[in-house]
Structures are given as structure tokens and as C-alpha cells.
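A.B. asks: Fold the following for me, if possible:
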Amino acid sequence: MSKTALITGITGQDGAYLAELLLKRKYKVIGTQRRSARQNNWRLKRLGIEKKVTIEELELSEENEINRLFQKYKFHEVYNLAAQSFVSTSFNSPLNTSDITGLGALRILEAIRTISPKSKFFQASSSEMYGENFKKTQNEETEFNPQSPYAISKLFGHYITKNYRKAFNIFAVSGISFNHESPLRGEEFVTRKITKGLVSIIKGDLKFLELGNINAKRDWGYAKEYTEAMWKIMQLKKPEDFVISTGKSFSIKEFVNECINYLKIDAKWVGKNLNLKLINRKSNEVIIKINKKFFRPSEVNYLRGDSKKIYKFIKWKSKTNLKKLVKIMMDEEIKFY
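C.D. replies: Okay, here's the model as predicted:
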């Protein structure tokens, strides 16, 4: 008998890739999206799976809506990937962020506890929970130090998942994912902003691109591989939390350089700090400028995951390095421009 899975946030990057994976494994996939995101199915369309999944409108702020969904379906697995996921936005909308990203996880766990206690639960935790951390790498035991309302909300979701696992014997796990990118990434995220922006400049539709702190370092992985890790974690007999990462860290500036190399643009960085610019050597035109408005109120400068545990338990490790990731993203950026 095929399993039924619930994916909150199915129209997002991770939700779409996870839905594709589960469909290949013969799952019946139920996905949720907010009422305001009704027409935002482009990722599912691009993967060719829009007609193969069932979409239910759901607000994670509405407990009764969540309960009705659990009464309507019998879920074997529940993947909570929905969130107000923009760190910068969370500073302007902290109440909404905490209600959706933090309390939303609790409302789902309560529905599992009271209606469907045999359902397995996956919480999408975030490396942003580590915050300004002075460890060389971050693992499952590293102390958290969140620096944004988004990260604090994610930390609540992470800890309430642990609590329900221990207190109510629910199969509830968290995957602490470090930055994971793809062609399906939203344009609000810096990697997609860079890939689309550079292609727009080449096509003559954009004069130059503006970025914030390009010295911030992140552990960049390929989202499609990370959703495979999520599924494998849920197949374990005993619930465990895992870091999902590549184990390598690169700056936003290094990501830009890889994109520039891919596009074979002869460019150089000139200036310092807020006056730093990326200049086309041939035309002397500005490609990238630094704009202070894109700096976060409280920055996280360095993140690098230690994923030894997940390899030990389920033999998962990242296969896509930064150069290959940039190629995947740029190829599709040009194809669908």
C-alpha cells in the first residue's frame, strides 16, 4: 500500500523537489500553500508534477484548519517546510514570522498528538539558529545563538520538536539544513538574485546589480540532494536530529566570482567596503555595487556545517560542489530567462 505524505510549503524550492522525490517513490502527496500564494505553482510546473499532487489551502496560523486537514487524510509522513523564510523580512515582520515559522510547527505537532499520533514528523530547522558562532564548524551539539526573529522562530520549532518526541513519544525529527540552493530558489535569496541579475545584465535588461555584505560566508549545497536527506532521515526506525551540509564554506563574493567565471566575463573588484565594485575590464562598466540597505541589522558572518553524523547513520553526503552548483543554476537561468 502506498504511503501518504503531507508537505507544508509544497510550492517552495524544497517542497517541490521533495514532492518530486516522493512521487517517484509512489507516495500520494498532499501539499499545502497559503491562500495568498494561489498562483505560485511555477516550481511544480517546471518539474512537471503540478497535476500529480493535491494542493490544499492552509494557513499555519489557523489551528482549526490544520486539525481539519489531519481529520481529512491519514498521513504516514509530515514534512513541515513552510515558513516565513526571509531573514531580512523577519526584522520587519517579527510577529508574523514567529506565528508561522515557530508556532506553526507547534500547531502541526499538536494535530499529530491529538489526531494522528502514528504520523512521522520532519521539522525543517535552519543553520541560522547557530547565529554568530565562533566554532570552526557547527554540528548537532553546537550551542545556538540566533541573530534574527527568523532564526529565533526556527529555534522554537526545533526545540518543540525535540520536546514532543520526548514527552509524547512521537516520531519527530529535525534536519538542520545549511544554505541549499537551486534553480528553484526564490529571487529574494541572494544566490538567485545574483544568477538572475547577472543574466539580466548580459541581456541588457539591468544596468548593474546591488548587493549587501558579500563577505558573509555560507555552507552552500544543492537543494535537490538535501530533500533526499530529509526523506532518508524519516525512514529511520529511531528518530534523530541531523545537520545537513557540505562541510565547506564560501563567501557571497566567491559565489559571484564563480558565476562571473561561468559567464566568461573579464572583470575585477575595485575599491573597499561600501565603495567596492565589480567592473567589466573591457567596457569599464559597473556590474555589481555594494548598497548598505541590503545589510542585515544583525549579521551572521560565518556558517559551516559538520555532517559526520548523517553520513554515519544514513550514508548521506553532498555530491555537488560550488562550481557545479553555479553551473546548474546558471544553465537553467539562461534557459528560462
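
A.B. asks: and the closest residue to T101 other than its chain neighbours, what helix or strand is that in?
C.D. replies: Distances taken as C-beta to C-beta, 6 or more residues apart in numbering place S153 nearest to T101, at 3.8 Å, with adjacent residues excluded. Where C-beta positions appear, they are placed from N, C-alpha and C, glycine not excepted. Following DSSP states H and E, one finds S153 within helix 149-168.

A.B. asks: What mean pLDDT does the very next helix or strand once past that helix get?
C.D. replies: Following helix 149-168 in sequence order, the next helix or strand is strand 172-177 (DSSP H and E). Here strand 172-177 scores 98 as its mean pLDDT.

A.B. asks: How far away from the center of its chain is whichever helix or strand comes after strand 172-177?
C.D. replies: Per DSSP H and E, the first helix or strand lying C-terminal to strand 172-177 is strand 180-181. Between the centre of strand 180-181 and the centre of its chain there are 6 Å (C-alpha atoms, centre = their mean, to the nearest Å).

A.B. asks: again with stretch 7-20
C.D. replies: 10 Å.

A.B. asks: repeat for stretch 124-144
C.D. replies: 15 Å.

A.B. asks: Ends of it, what's the gap?
C.D. replies: 16 Å (C-alpha to C-alpha, to the nearest Å).

A.B. asks: how close does the residue nearest to T101 get to N67?
C.D. replies: According to C-beta to C-beta, to the nearest Å, S153 stands 22 Å off from N67.

A.B. asks: out of the two, which sits in the busier spot?
C.D. replies: The neighbour count for S153 versus N67, taken as other C-beta atoms under 10 Å, is higher for S153 (28 against 16).

A.B. asks: any idea how far the more buried one lies from T97?
C.D. replies: Distance of S153 to T97, computed by C-beta to C-beta: 5 Å.

A.B. asks: Going along the chain, name the strands of the stretch 1-150 of the chain.
C.D. replies: Per DSSP state E, counting those that start in this stretch, the stretch 1-150 of the chain carries strands over the ranges 4-8, 28-33, 54-57, 77-80, 120-126.

A.B. asks: Now the helix holding S153: buried residues?
C.D. replies: 149-161, 164-165 (16 or more other C-beta atoms under 10 Å).

A.B. asks: Lowest-confidence one in those?
C.D. replies: For those, the weakest pLDDT value sits at P149, with 89.

A.B. asks: Let me see the contact set for it.
C.D. replies: Shown in contact with P149 (C-beta atoms under 8 Å, 6 or more residues apart in numbering): S90, F91, S93, P94, T97, S98.

A.B. asks: So D205: helix, strand or coil?
C.D. replies: Classification of D205 by DSSP: H, G, I helix; E, B strand; the rest coil places it in coil.

A.B. asks: so what pLDDT did K74 get?
C.D. replies: pLDDT recorded at K74 is 97.

A.B. asks: what sits against the closest residue to it other than its chain neighbours?
C.D. replies: The shortest distance from K74 to any non-neighbouring residue, by C-beta to C-beta, 6+ apart, is to T4 (6.2 Å). Counting by C-beta under 8 Å, 6+ apart, T4 makes contact with Y27, K28, V29, I30, Y73, K74, F75, H76, E77.

A.B. asks: cool, G186 as well?
C.D. replies: Counting by C-beta under 8 Å, 6+ apart, G186 has contacts G12, Q13, R192.

A.B. asks: Next step: these restricted to helices.
C.D. replies: Among these, DSSP state H puts Q13, R192 in helices.

A.B. asks: Nearest to T142 among the contacts of G186?
C.D. replies: The closest of the contacts of G186 to T142 turns out to be Q13 (C-beta to C-beta; 25.1 Å).

A.B. asks: Give me the pLDDT value at that closest one.
C.D. replies: For Q13, the predicted pLDDT is 97.

A.B. asks: For it, give its distance to Y226.
C.D. replies: Distance, Q13 to Y226, by C-beta to C-beta: 10 Å.

A.B. asks: intersection of neighbour lists for those two?
C.D. replies: Contact criterion C-beta under 8 Å, 6+ apart; residues shared by Q13 and Y226: none found.
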